[in-house]
Structure formats: C-alpha cells, structure tokens
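Trainee: After the sequence you'll find the predicted model.
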Amino acid sequence: ETGVTQSPTHLIKTRGQQVTLRCSSQSGHNTVSWYQQALGQGPQFIFQYYREEENGRGNFPPRFSGLQFPNYSSELNVNALELDDSALYLCASSLLGKGYEQYFGPGTRLTVT
Amino acid sequence: AQSVTQLDSQVPVFEEAPVELRCNYSSSVSVYLFWYVQYPNQGLQLLLKYLSGSTLVESINGFEAEFNKSQTSFHLRKPSVHISDTAEYFCAVMGMNTGFQKLVFGTGTRLLVSP
C-alpha cells in the first residue's frame, strides 16, 4: 500500500509569484485535504476535495485554490504569494465516511522571500 | 465551530518517567477526537483516535488517552516514556455530521525526553 506523497519537498518563491504543490493520495482513498502549518503552530485546514469537487473550505482567501484529479491526486495553487504564506503545506488523504482518520504526507516547505 | 487548547507548549521529562499531555476542546457539536505525532521534518502520524464506545483508547506503542465529555478533555498519557518519544504532539477534533472531514488542531506540545 503506497502512502501519501507530496512534491516538491522544498520550494523558495518570491512575493507576488504563483506556486503549485502536488499530492498523490494513498491508494483507495477518495478524499484529499490540504493544511497549512506555520512555524510553531498546529495545521490549519485550507480545503477538502471529494470526487473532484471542493466540499469544504477553511478561512483562506480565494487565491488559495485546488484541484483533484480522477486518480485522486491533487494540486494546491497559491497566487500572489505573500510573506505570510511561508509554511509547511500538508496533504492528507482519507476515505470519506470511513474511519475518519486522515493520512498525511511529509509536506512541502514553502519559503516566500 | 471547534477549537482545541493544548496548554503546555513544551513538556520535559526523563526517560522511563510517566507523562501526561493535556488537551481541552470546545465545540457546538459532538466531535471525534485524535492525537497525532510529528517527528522533526516529517508529516503527521495518527497516534490514536476516539470515535465512540469505551472512553479509554490505546495506541500500539503504549500511549493512551481518555475522553472526558463533562470536562471536554482528551488527555494523552504514557506510563514510561522512551527517548524515541521525543516529538511534537497535536490534539485534534473533527465535528460530526458536518458534510466534510475537517480536523481542527491545537498548537501542539513538544515532548522532550532526556536520559
């Protein structure tokens, strides 16, 4: 059983740029969630995708957007990067309605300068 | 809406000593409860969860947590810690019947185990 993978591992961007982060879900999972973890903080829910549709969103502006593909892989896109977007971005996959646990990938460390 | 409070940002203990990491939550709906562990430069791993039934839940590596509905708490305990337990521990809740599965995390407690 393949776990959740994320790419890239690290990324450095300049303020105002756009970034795309990628996630490959655990085999058999149909739901993917994205979280932002700032330094020294707990993860904050960004949004969740189920069957290629966004089915829940946290308190993040529209410049944070996502996609889920038929193979359940996912992308997180952030436009007009700000310094405060510097964080660890975590992807988690799950099977909606079953067990409720979410399986996390290792994360992408984004630094905005 | 839900919120989670982990009052202790850091807990230093000696190896083989017992430890308790505290977690309190607030929610307008019933919740599921989780503890996740994060080792340096890694993602989060599920340690244990409470969905229903017995209020005492255990992990395979000796941790246990007890759900106390009246005190809205879900404290994590281990009777004897190892050096390898050094990590960041996050308590999280998920509201029931919300249509989607959103975890709300506390700010974490860093467990530092020394020889």
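Mentor: Arrived safely. All figures in this text were calculated on a predicted structure; none of them were measured in a lab. Numbering: from 1, shown residues only, chains lettered A, B, ... in the order given.

Trainee: What are the boundaries of the strands in chain A?
Mentor: Applying DSSP state E to chain A gives strands spanning A:5-7, A:10-13, A:19-24, A:31-37, A:44-50, A:53-57, A:64-68, A:74-78, A:87-94, A:103-104, A:108-112.

Trainee: Sheet partners, orientation included, of the second one?
Mentor: Spelled out, it's strand A:10-13. Strand pairing for strand A:10-13, using DSSP bridges, gives strand A:108-112 (parallel).

Trainee: Can you pull the residues of chain B lying near chain A?
Mentor: Where chain B comes near chain A, counting by C-beta under 8 Å from any C-beta of the partner chain, the residues are B:4, B:32, B:34, B:36, B:41-46, B:49, B:51, B:90, B:92, B:94, B:98-108. To be clear about C-beta, it is placed using only N, CA and C from the backbone, and glycine gets the same treatment.

Trainee: follow-up on the earlier one: which of the strands of chain A sits closest to residue B:61?
Mentor: strand A:103-104 (17.5 Å; C-beta to C-beta).

Trainee: residues contacting residue 9?
Mentor: Picked chain A for this. Shown in contact with residue A:9 (C-beta atoms under 8 Å, 6 or more residues apart in numbering or on different chains): A:106, A:108, A:109.

Trainee: To clarify, I was referring to chain B.
Mentor: Neighbouring residues of residue B:9 by C-beta under 8 Å, 6+ apart: B:107, B:108, B:109, B:110.

Trainee: which of those count as buried?
Mentor: With burial judged by 16 or more other C-beta atoms under 10 Å in any protein chain shown, the buried subset of the contacts of residue B:9 is B:108, B:109, B:110.

Trainee: And the residues you listed, which is closest to residue B:82?
Mentor: Nearest member of those to residue B:82, counting by C-beta to C-beta, is residue B:110, at 15.8 Å.
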